[in-house]
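[1] Sequence first, then the predicted structure:
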Amino acid sequence: MKTHQGYLAFWERRGFLINDALEWRTEEGGNRITLLGRLHFRGGYSLAVDKVFAVRVTRGRREV
């Protein structure tokens, strides 16, 4: 999630990303994360997002 937010912040600072309307949901048990919503960009463009990440624990860290 940190990496994803870092990329969005990069484009927002440059004025390309106008609105981040994404929602992160952790599924029951924590073994899946769903990312759902829209990204709105300068010029009237938007990107619909509907993605499911499988989560595993490696050396005590959660990874997708």
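    Okay, I see it.

[2] can we go C-alpha only for contacts and neighbour counts from here?
    Fine.

[3] Report the contact partners of Val64.
    53-56 (Cα atoms under 8 Å, 6 or more residues apart in numbering).

[4] any idea how far the closest residue to it other than its chain neighbours lies from Leu17?
    Excluding the flanking residues, the one nearest Val64 by Cα to Cα, 6 or more residues apart in numbering is Val55, at 4.6 Å. Separation of Val55 from Leu17 (Cα to Cα, to the nearest Å): 27 Å.

[5] of the two, who's got more company?
    Using other Cα atoms under 10 Å, the more surrounded residue of Val55 and Leu17 is Leu17, with 19 against 15.

[6] Count the residues that sit near Asp20.
    With other Cα under 10 Å as criterion, Asp20 counts 16.

[7] Would it be right to say that it lies in a strand?
    Yes. Assessed by DSSP: H, G, I helix; E, B strand; the rest coil, Asp20 belongs to a strand.

[8] beta partners for it?
    Here Asp20 sits in beta bridges with Leu39, as judged by DSSP bridges.
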